[in-house]
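Asks: Build me a model from this:
(chains A and B)
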2 protein chains.
Amino acid sequence: MKPEEITRDPRDAVIALDSGAAVRASIYGRRAATLARLAALGLPVPEGAALSFESVDEIAAGGALPPLPLGGGPGTLFALRSSPEERAWGGPPAVLNLGAGAESHAPLAAAVGEAAALRFRVRAVASLGQLVHGIDPEEFEALARRHLAGASDPQTEALGPLLAECLALYEAEAGAPWPETAEAQVALAARAMARAWNAASARILRRAKGAPEEAGLGLVVQRMALALGDGAHGSGQVQLVDSRTGAPACVGAWRTQTQGAGTLGARTACPLAAADGAGSLEARAPVAFAAARAAAAVATAGLGDACALDFVVEDGRLVVVDAVAVRRSARAAVRIAVDLAEAGAITREEALLRVDPTSLIEHLHPQIDPTAPRDVFTTGLAASPGAARGRIVFTAEAAQAAAAQDEAAILVRLETSPEDIRGMHAARGVLTVRGGMTSHAAVIARGLGLPCVVGAGDLRLDPGARTLTSRDGRIFHEGALITVDGTSGQVSVGAPATIPPEIGGAFSTLLDWADAVRDLGVRANADTPAEARMAREFRVDGVGLCRTEHMFFEAERIMVMREMILADTDAERQAALDRLLPMQRADFIEIFEIMRGLPVTIRLLDPPLHEFLPKEEGDIAALAEAMGVPAAAVTARARELAEVNPMLGMRGVRLGVVMPAIYEMQARAIFEAAIAVNRDARAPVVPEVMIPLVSANREVELIKARIDAIAAAVEAEQGVAFTFKLGVMVETPRAALRAEELAASAEFLSFGTNDLTQMTYGLSRDDAGRFMRAYVNAGVFPEDPFHSLDLEGVGELLLIAAKRGRSRNPGLVLGLCGEHGGDPSSVRFCKLAGFDYVSCSPYRVPIARLAAAQATLLARDGGDWGGGGPA
Amino acid sequence: MKPEEITRDPRDAVIALDSGAAVRASIYGRRAATLARLAALGLPVPEGAALSFESVDEIAAGGALPPLPLGGGPGTLFALRSSPEERAWGGPPAVLNLGAGAESHAPLAAAVGEAAALRFRVRAVASLGQLVHGIDPEEFEALARRHLAGASDPQTEALGPLLAECLALYEAEAGAPWPETAEAQVALAARAMARAWNAASARILRRAKGAPEEAGLGLVVQRMALALGDGAHGSGQVQLVDSRTGAPACVGAWRTQTQGAGTLGARTACPLAAADGAGSLEARAPVAFAAARAAAAVATAGLGDACALDFVVEDGRLVVVDAVAVRRSARAAVRIAVDLAEAGAITREEALLRVDPTSLIEHLHPQIDPTAPRDVFTTGLAASPGAARGRIVFTAEAAQAAAAQDEAAILVRLETSPEDIRGMHAARGVLTVRGGMTSHAAVIARGLGLPCVVGAGDLRLDPGARTLTSRDGRIFHEGALITVDGTSGQVSVGAPATIPPEIGGAFSTLLDWADAVRDLGVRANADTPAEARMAREFRVDGVGLCRTEHMFFEAERIMVMREMILADTDAERQAALDRLLPMQRADFIEIFEIMRGLPVTIRLLDPPLHEFLPKEEGDIAALAEAMGVPAAAVTARARELAEVNPMLGMRGVRLGVVMPAIYEMQARAIFEAAIAVNRDARAPVVPEVMIPLVSANREVELIKARIDAIAAAVEAEQGVAFTFKLGVMVETPRAALRAEELAASAEFLSFGTNDLTQMTYGLSRDDAGRFMRAYVNAGVFPEDPFHSLDLEGVGELLLIAAKRGRSRNPGLVLGLCGEHGGDPSSVRFCKLAGFDYVSCSPYRVPIARLAAAQATLLARDGGDWGGGGPA
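Replies: Prediction:
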């Protein structure tokens, strides 16, 4: 024996379908494997055999067909069907009725009647003629039209001449007589199918569907169940769940006297159950109907997934032709997986792996009914999912006015700024002309669970005229009714029908199972009590990012904040901070109460101060009056603070270093709030103070010293000890590279992957929207790196930082709190990188919980994340 | 023998000064080592001995003074002087006249007279009283004033009673009688000096000067040359070079009857040479004068550096007391080093290492005379060196108008933008209120060699009123005369005196030697023919960065550029590009002609397009008219193109990917220019095309394919083959991390460390000026990372990229073309990282050439760069 023969997998060129588990999809294709499994389950699968990929390859190359066990005696017909490894990869269509010819005619006519026997022969000639010799099917159809004149049950007198003409056509075009034997017909069909699989166009098509270059084709040859003829004959499909909801239901249809939908002379579909209408299977073949339902249940349990069965009724008896996974909506997928697990057909772990985490978002928001017509006038980036309908408003004030009258409004802006947040709270949906997936509008909307489309760059917004003009010239005025679909990015005129959200039942059960499995924490990004409550409802493990800046935009605070920013002296600044302190403390008390027993990570003030300054003339005048200075002074100061690149400017820890009083006020508010909430003996909250935008360790040391001093002062004043953690938000490449140093001062590192992505790519999330779609479409970036973590660049920095940080401080807690925290592949990366938790918008928490469970399960199996690891 | 005794360096507690090389500065201090060397050179150094750091430590701790060879016979006095390892670290002042007392009186009186003998004793009592017992020197001085009544040559009758009262004061305060023996006095002085060295305040002072915590003090005890008494006595200093220029000159002074400047009763300084005035040394002691000049020459040759000698004239004979390196200006340092090498006192390599590369800048620009008074009204960042005086103008137009009338103008702006470039060309200097070391103004000014101060944040500029107000309220109107000192960052009222530039002679010789030594290329960043010519004058190895955007700001081009940007259709855009092509080609032809025989790296268009659009109403109207559209349309389009963070926006290769026609035009202009210039057989230029702001390899592949196609088309059209290189500008952290991939397509990687620093830190160079000084002062950043390469963060990315790039492509050329190319420590880093070249502003080329030579020399010695290496 030669060495390669020892190690080679023994794979027969041909294997019988009743060979059970030996019929492997990786050798004979998915259909062959499924049929073998169905046969093993005792279902009535016609006898037959499968040809391996290898043997089909050889046939395509001109090799002989291996000997097939084409038994069954005279009058037996055969079907030849494709069996690639994945159904999605396609394959040439089935060829039926092989074996029909002069020899088999008499026994067939005896079994199902003369007319049916003739029809089998006509069909065999037409399909083999087309497949093998490329005869235009229209020529056969023209003959059929002439002879049958549209009769649905043509009789012998018409079919005989039709057959004769078809045979003549075949012989003329093929240059050879009709091959009468089943063996000859199958051989011709098999070679033609093998070659069709290797055609260039077929290769391109299946590669587009993800098939590898070398994907092979298997073939299945089976005795045909005769679906035509005298008696109860036909074919159909049955499944036991509703594809839209996943709820139990007997769904399907059948066609009498039909060999399959789309075959020559197919009949109208009729219901399965007698209750559902006339011509039902139950009425025409009650035994077959009962058998079909039972078979679908057996297949579902046996294959471990809800199946749609293809069946044939042959003289009143059920024959199973195929079983495929039921097509299902995102919501149905959850229900099906949970029901299968509860029925014991699969394990809970398998159920968890069956559902695409991203699809859970569809449970949380209303969705536009996929069947409803819609008039789309622009498509932008799908920034925050769900559908919202409302009347256009162009300002935050108008949105608030609409909300006050309980009118649904869609806030339409060029882009949003922190001043629009109140308006966003009041609106039902948001549409912006500019911005990318992590623009201000997108981030805030996801946090609020507000449907949002951003970067609809083909719209022209005229704020003066208060009009919005679409590319095709349609003009929308304030008050026009539109619907924003944040799931698809489409914005439609009017109000297409929607379907409501649904988060109970199977959804909730699946997430319970996910929590039992996962060993990666899931926290929420929550800036407000409302978001914290939402997070708690979604059962998070804590708050991973509480941004403090939004708290300052509330009406009574923004003025004090502005006075603080514009203060000329330290004393004036401190006076303003002293007024902000009780407000911040009250914010934290409320959030801590909600999050009792869990950690809450609070990020110290991050944005550049000019973001808080007024831009509208009226606001400037109001501020100037409150401060007793001329409006020009306010304008001048605002201009002084303006920055060329605010993302890279005087923000984050730089504020803390240069104006320490702000962080000191915030630390005091956090500590006093924690003491107030933890005063009773109930589950205490553990505040985690996070320093943003660090690029040098000395920044952390300086801030840590000040915060420790505030903690000591508060402890002394209140006579109460308390615990808190201090950590660093890693958002600059330099912080990632210097993680070893940082880990000496920090108890946790939380990766702000939004900003880290911006800096690693040198790419502003606010400006990227302009070309990101073009970039992704052209394959320059495989995906929007703000949407799915860039493993090769940003991911390597995360791995470097994790390794260096833990080398100094093995107990270092590692988290991710960018938008990527709600992206399944990023979650999986975090699990494999040894992170402790991810944190994401409350509305993405279910996604993260399921993704974390999947990552845990896959890591157990020693999974790899597929992307480039560190060099 | 115990193990530690085997390995310990044998170091005697006391060593004689005539022990030659055994008197090491690291054991006995710099003064001791120098004196031993002078003695070995045959110079008249008084006999004496040195105490090691260790033995002085023991004395400070209470140990006994080791036995000293205090010979010399009766009437010998001793001096005890500090000898730390570095002179700059200070040390307690010398104690003279030790041994003066009743016993030594008679022999001394016999030698130099009764009066001098008494004066030695008075001085010994006063200085030991102060040093050892802390007696207020004012008390001794009060006694002296009373007894001597200001007489410059007091006689015995006054000195006798003074001595008696001094001894009484000493005894009263010390609680012990005056120690009469030299041994006792030396022991007391040595212990007091040892303790003074260890005082907390002394430690802090010397640590501030860079001394290590454990720095030790050595002591030197020597027979005193008697500088007082009957005969030609005195002390002085001599050096043989001019400290300001480094030119040969006998410079110095002496004081008759004085033991050293600052000692009790010091006399007026007199010249050395008779020609220089009355009371000269030459006239009073011609032998000592000749000996002093000769000794200075011997010391200079022997110590290998220009020395200032401290000497004493003892009865007409020269005694050498000390030799220190001559203080020197930056310009003098070059002259001295070159002269020493040419005289054979040091090698050329040593000469190269003697000069601080940064100081070369002072040769290139006028400098404010350090001795001139100045009225500084603000201090900003010293962005581009040199002094410039002129009248304030607030607009580029005013600067051009002033230049037209040949009036010197200083352009004062809040910050500059590309539209100001013509005004900068016309101005003599630039002052901006905002911006950091790599802001637009700073970068352009350095390129132009234009003195520039940026980030003078305490100024208030009112562009409407055309006034500039200083922090102290002074108001400057247009036309006010000011002087910008870009070397110090100071801006002064009026016109302080300046000294002119000087780049011939020693400067040029030193750089020739540097070129002979260095194995790191030095190229220039040159955008214009003028800069290229400047670079060629400074003898560069090529152009490492030719930015193409500035070419589009010239008057006749900017309009076409704007039409290109605002084009509505591809055809309109192409039409504008077709008009730009011959202009670009002409630019390149001119630069290539200048750089014949050398490589020229051309960066494809980099800035965001909105930077080219007009901002002033007049310009907008002109553009609108030229394009035949309403002004509002131009404004609207400009607003659409505006970006939140332009640094991270639609620029660099992103333009190339989204609007390929621009890069295609540029590539064609480069290739056609190269063919035109290389048509004759003279030294051909090799164009290197560089793609900016790459973050993904696919960007490079796309652009490379297009550029290769243009190259093939141009070759076919012109029937001429030509060579060019294609490379990547590494400016994003991601490009550095993915260098292995990039190296597959690129022939060179050039690190744009300005942008790479911005992105690694998340820090905009335009906005950092606001807090950079505070950050550096507080030690948050050890240095401005835009000024000196951040080795720990950015440097690590460079090392990662170099390693990964070369692993794929061992022949990969590596260069650095940020501002850091002109920073010596960054140049050294590049050498050690295996780079092929650095590229910097033309005016920094001399610095880079010298720094590269030093780096080469230090690398030969296996030097390390001191910063953190890669983890």
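Asks: Assess the claim that A:Ile558 and A:Ala622 are in contact.
Replies: No - shown here, A:Ile558 and A:Ala622 do not form a contact pair, counting by CB atoms under 8 Å, at 10.2 Å. (C-beta placed from N, C-alpha, C; glycine too.)
Asks: out of the two, which sits in the busier spot?
Replies: Each of A:Ile558 and A:Ala622 has its neighbours counted (other CB atoms under 10 Å in any protein chain shown); A:Ile558 has more, 19 against 16.
Asks: helix/strand/coil for A:Arg734?
Replies: Put simply, A:Arg734 is helix when judged by DSSP: H, G, I helix; E, B strand; the rest coil.
Asks: Correction: the previous question concerned A:Arg255.
Replies: strand.
Asks: Quick check: it touching A:Gly279?
Replies: No - using CB under 8 Å, A:Arg255 makes no contact with A:Gly279, being 9.2 Å away.
Asks: What's the first helix or strand after the lengthiest helix in chain A?
Replies: Taking DSSP state H as the criterion, chain A has its longest helix at helix A:570-594. For helix A:570-594, the following helix or strand on the C-terminal side (DSSP states H and E) is strand A:599-603.
Asks: And for that following strand, what's in contact with it?
Replies: By CB atoms under 8 Å, 6 or more residues apart in numbering or on different chains, the residues outside strand A:599-603 that reach it are A:523, A:541-548, A:588, A:591-592, A:666, A:670, A:685-690, A:692, A:725, A:727, A:729, A:748, A:750, A:815, A:817, A:839.
Asks: Can you give the strand pairings for that strand, parallel or anti for each?
Replies: Strands that pair with strand A:599-603, judged by DSSP bridges, come out as strand A:543-547 (parallel), strand A:686-691 (parallel).
Asks: coming back round to it: going through the contacts of strand A:599-603, which ones are buried?
Replies: Using 16 or more other CB atoms under 10 Å in any protein chain shown as the burial test, the contacts of strand A:599-603 include A:523, A:541-548, A:588, A:591-592, A:666, A:670, A:685-690, A:692, A:727, A:729, A:748, A:750, A:815, A:817, A:839 as buried.
Asks: residue at max distance from the center of chain A?
Replies: In terms of distance from the mean C-alpha position of chain A, A:Glu157 ranks first, at 56.8 Å (CA atoms, centre = their mean).
Asks: in what helix or strand does that residue lie?
Replies: For A:Glu157, the host element (DSSP H and E) is helix A:156-174.
Asks: for that helix, what is the average pLDDT?
Replies: Mean pLDDT, helix A:156-174: 92.
Asks: I'd like the next helix or strand past that helix.
Replies: Counting by DSSP H and E, the next helix or strand C-terminal to helix A:156-174 is helix A:182-197.
Asks: Check which residues of the helix or strand following that following helix are buried.
Replies: Downstream of helix A:182-197, the next assigned helix or strand under DSSP H and E is helix A:200-208. Neighbour counts over helix A:200-208 (16+ other CB under 10 Å) mark A:Ala202, A:Arg206 as buried.
Asks: which bits of the stretch 601-750 of chain A sit near chain B?
Replies: Proximity of the stretch 601-750 of chain A to chain B, by CB under 8 Å from any CB of the partner chain, involves residues A:643-650, A:654, A:657-658, A:693, A:695-696, A:698-699, A:702, A:731-734, A:737-738, A:740.
Asks: Return a selection command, for use in PyMOL, containing the buried ones of those.
Replies: Buried members of those can be picked out in PyMOL with the line below, counting by 16+ other CB under 10 Å:
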select buried, chain A and resi 643+644+645+646+647+648+649+650+654+657+693+695+696+698+699+702+731+732+733+734+737+738+740
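Asks: and the helix or strand containing A:Ala142, what does it pack onto?
Replies: Applying DSSP H and E as the criterion places A:Ala142 in helix A:137-148. The contact analysis (3 or more CB pairs under 8 Å, 6 or more residues apart in numbering or on different chains; DSSP states H and E) places helix A:137-148 against helix A:114-133, helix A:156-174.
Asks: Could you tell me which residues within the longest one count as buried?
Replies: Residues of helix A:114-133 classed as buried: A:114-132 (neighbour count, 16+ other CB under 10 Å).
Asks: Return that helix as CSV; C-alpha atoms alone will do.
Replies: The C-alpha trace of helix A:114-133 is given here as CSV (Å, rounded to 0.1, in the frame of the first residue of the first chain):
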residue,chain,number,x,y,z
GLU,A,114,-51.2,5.3,-20.7
ALA,A,115,-51.4,9.1,-20.6
ALA,A,116,-49.1,9.5,-17.6
ALA,A,117,-46.7,7.0,-19.2
LEU,A,118,-46.6,9.2,-22.3
ARG,A,119,-46.1,12.3,-20.3
PHE,A,120,-43.1,10.9,-18.5
ARG,A,121,-41.5,10.1,-21.9
VAL,A,122,-42.2,13.6,-23.3
ARG,A,123,-40.7,15.2,-20.2
ALA,A,124,-37.7,13.0,-20.3
VAL,A,125,-37.0,13.8,-23.9
ALA,A,126,-37.5,17.6,-23.4
SER,A,127,-35.3,17.9,-20.3
LEU,A,128,-32.5,15.7,-21.5
GLY,A,129,-32.6,17.4,-24.9
GLN,A,130,-32.2,20.7,-23.3
LEU,A,131,-29.6,19.7,-20.7
VAL,A,132,-27.4,17.5,-22.9
HIS,A,133,-27.8,18.9,-26.4
